[in-house]
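Engineer: No sequence on hand, only this structure:
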């Protein structure tokens, strides 16, 4: 595809204006989880819509109304956009979000979080730079570079950009369901750029994510908190019961102890097993991420499999327990433990919950306690997995090779990205995760950044992907 060369040159020549575009976007503090920033989120949505229209695209600003449970707040709109309407071309649906996580300089930032700061190493610091304003603008940059290079986009773009991703994506699923046979009906494939390379040097394509079943376990007994010197040894203590229960879920090597969980996990095929050895990842990378050498496994393959394709159970905290500095001799009257299971194929949500509830009831019965126990499902999200041999993926892989000169790693995310499953289930189309940023970007942390190289080469990648996927879909 020699015709991509002028596009690549145009991206290079426009990089300063592309960085200015990102600087303008980062300056809008579109924090969806803070009430007093809601107007800024809405402002960001309208700014993005104006950018799309300036490039010749069309945008429907889909208003979502009041936020349930927070009626004083208006939900930010979902932007439904189009660029190109040639019936002879394939249609690629792209998704991203324009809201960001909270950030204040006093959190420990080295620079002002809503002022893009580019250092001598080409690191562009700013809240939202990598999550997800940089990748969203990468699509717009690719459109502009095509226009100025005089190259026609090989596909029609359908856009879906939301402003509540960092705050539960309120209203998005309903919008996707409502538009599946309307605005999105012509989509041939879906591409999302809202995740990260596994390391810092080698791009990846992501074909799956784990789901998440989040539970709580409440144990209560006394009518009020008690003094351990007065009542210790005389009463069933809720904290003691809860610790027994939570200790029964998982061992120190991460093995889930709930009977029947392992039987739900899809077996590892030879084809899938072969994807792990080539992945550019080392135990040093893992230890750097951990900030210690506390890894359970001592080799890359086992570590990655337990991050990507095996379930895990984590204990998150205990509500109601004494947690401040000092020595307080209290017996809490009620405590609530929080834990979750990251699920994988073929672990269905209800099957997992049934096994957990059965285990909890059996273990509590063993304690012969007079306390009361309540098990609750807090929220659930299903796993998602795609066929990495679909044209959506083979096209993206060829684009990676063209831009970066290497074959991409094929990865699955350990975390959850619910929108992938929603698009897959509602549109019945292949969904691709095509990341721009790297593992060191610190998306939800202080000093979030996007490397200039990843932004500019990532813009080339998004543009090249459109050409290669158009060819692959024709075959």
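Structural biologist: Received the coordinates, thanks. What you see is a predicted model; the values in this text were computed from it and never measured.
Engineer: in the stretch 201-350 of the chain, which spans are strands?
Structural biologist: Taking DSSP state E, counting those that start in this stretch, the strands of the stretch 201-350 of the chain run over residues 204-209, 211-220, 226-227, 312-319, 330-331, 334-343.
Engineer: need the ones you listed in a markdown table with mean pLDDT, distance to residue 402 and mean neighbour count, can you?
Structural biologist: Quick note: C-beta positions are derived from backbone N, CA and C, even for glycine. Shown next, in a markdown table, are those (pLDDT from 0 to 100; distance: least, C-beta to C-beta, whole Å; neighbours: other C-beta atoms under 10 Å):
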| stretch | mean pLDDT | distance to residue 402 | mean neighbour count |
| --- | --- | --- | --- |
| strand 204-209 | 96 | 14 | 25 |
| strand 211-220 | 97 | 33 | 21 |
| strand 226-227 | 97 | 68 | 14 |
| strand 312-319 | 97 | 36 | 15 |
| strand 330-331 | 97 | 63 | 17 |
| strand 334-343 | 98 | 34 | 22 |
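Engineer: Between these, which one is closest to residue 167.
Structural biologist: Checking the strands of the stretch 201-350 of the chain against residue 167 by C-beta to C-beta gives strand 211-220 as the closest, at 16.3 Å.
Engineer: Show me the strands paired with that closest one, marking each as parallel or antiparallel.
Structural biologist: Strand 211-220 pairs in its sheet with strand 334-343 (antiparallel), strand 372-381 (antiparallel), by DSSP bridges.
Engineer: which parts of the last one are buried?
Structural biologist: Neighbour-count burial for strand 372-381, with 16 or more other C-beta atoms under 10 Å as criterion, is recorded at 373, 375, 380, 381.
Engineer: Could you pick out the longest helix of the protein?
Structural biologist: Secondary structure assigned by DSSP state H gives helix 452-474 as the longest helix of the chain.
Engineer: Pull the distance from that helix to the chain's centre.
Structural biologist: 21 Å (C-alpha atoms, centre = their mean, to the nearest Å).
Engineer: Can you tell me which helices and strands that helix packs against?
Structural biologist: helix 4-13, helix 15-26, strand 123-125, helix 134-149, strand 189-192, helix 391-404 (3 or more C-beta pairs under 8 Å, 6 or more residues apart in numbering; DSSP states H and E).
Engineer: for the next helix or strand after the last one, what is the average pLDDT?
Structural biologist: So the one you mean is helix 391-404. Counting by DSSP states H and E, the element after helix 391-404 in chain order, helix or strand, is strand 409-413. Averaged across strand 409-413, pLDDT comes to 95.
Engineer: again, but for stretch 419-427
Structural biologist: pLDDT averaged over stretch 419-427 gives 96.
Engineer: Now do the buried residues in it.
Structural biologist: Neighbour-count burial for stretch 419-427 flags 419, 420, 421, 422, 423, 424, 426, 427 (criterion: 16+ other C-beta under 10 Å).
Engineer: pretty sure the last one contacts residue 184?
Structural biologist: Okay, so that is residue 427. Yes. In this structure residue 427 lies within contact range of residue 184 using C-beta atoms under 8 Å: 5.9 Å.
Engineer: So for the two, which residues contact both of them?
Structural biologist: Common contact partners of residue 427 and residue 184 (C-beta atoms under 8 Å, 6 or more residues apart in numbering): 93, 176.
Engineer: that older thread, JSON lines for the strands paired with strand 211-220, including distance to residue 161?
Structural biologist: Listed next are the strands paired with strand 211-220 as JSON lines, based on distance: least, C-beta to C-beta, whole Å:
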{"stretch": "strand 334-343", "distance to residue 161": "28"}
{"stretch": "strand 372-381", "distance to residue 161": "21"}
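Engineer: among those, which is nearest residue 146?
Structural biologist: Here strand 372-381 is closest among these (C-beta to C-beta), at 35.9 Å.
Engineer: contacts for the closest one?
Structural biologist: In this structure, residues lying in contact with strand 372-381 by C-beta under 8 Å, 6+ apart are 211-221, 241, 245, 338, 349, 353, 356-357, 360-361, 364, 416, 418, 421.
Engineer: got the domain boundaries for this structure?
Structural biologist: 4-209+383-474, 211-265+310-380, 266-307 (automatic domain parsing).
Engineer: Tell me which of these sits most buried.
Structural biologist: domain 4-209+383-474 (a mean of 20; mean count of other C-beta atoms under 10 Å).
Engineer: Residue 138: which of the strands paired with strand 211-220 is closest?
Structural biologist: strand 372-381 (26.3 Å).
Engineer: Following that closest one in sequence, what is the next regular element?
Structural biologist: strand 384-385.
Engineer: what packs against that following strand?
Structural biologist: strand 204-209, helix 418-427.
Engineer: what mean pLDDT does that strand have?
Structural biologist: In this model, strand 384-385 has a mean pLDDT of 96.
Engineer: before we move on, what about stretch 171-183?
Structural biologist: 97.
Engineer: do stretch 461-475 as well
Structural biologist: pLDDT averaged over stretch 461-475 gives 96.
Engineer: Ok, stretch 4-11 next?
Structural biologist: In this model, stretch 4-11 has a mean pLDDT of 98.
Engineer: chain center to it: distance?
Structural biologist: 30 Å.
Engineer: Would you check that residue 207 makes contact with residue 386?
Structural biologist: Yes. Applying C-beta under 8 Å as the test, residue 207 and residue 386 come out as touching, 4.5 Å apart.
Engineer: Tell me the residues that contact both of the two, please.
Structural biologist: 393, 432.
Engineer: Residue 215 against residue 355, yeah?
Structural biologist: No. Counting by C-beta under 8 Å, residue 355 is not a contact partner of residue 215; they are 11.6 Å apart.
Engineer: which residues in the stretch 51-200 of the chain form strands?
Structural biologist: For the stretch 51-200 of the chain, applying DSSP E, counting those that start in this stretch gives strands covering 58-62, 66-67, 70-74, 78-83, 91-97, 117-118, 123-125, 156-162, 189-192.
Engineer: Can you read off the pLDDT for residue 437?
Structural biologist: For residue 437, pLDDT reads 96.
Engineer: got it, and residue 284?
Structural biologist: pLDDT at residue 284 comes out at 91.
Engineer: what's the answer for residue 71, then?
Structural biologist: On the pLDDT scale, residue 71 gets 87.
Engineer: Residue 416 now?
Structural biologist: 83.
Engineer: Can you pull the phi/psi pair for it?
Structural biologist: phi -120, psi 140 (degrees, to the nearest 10).
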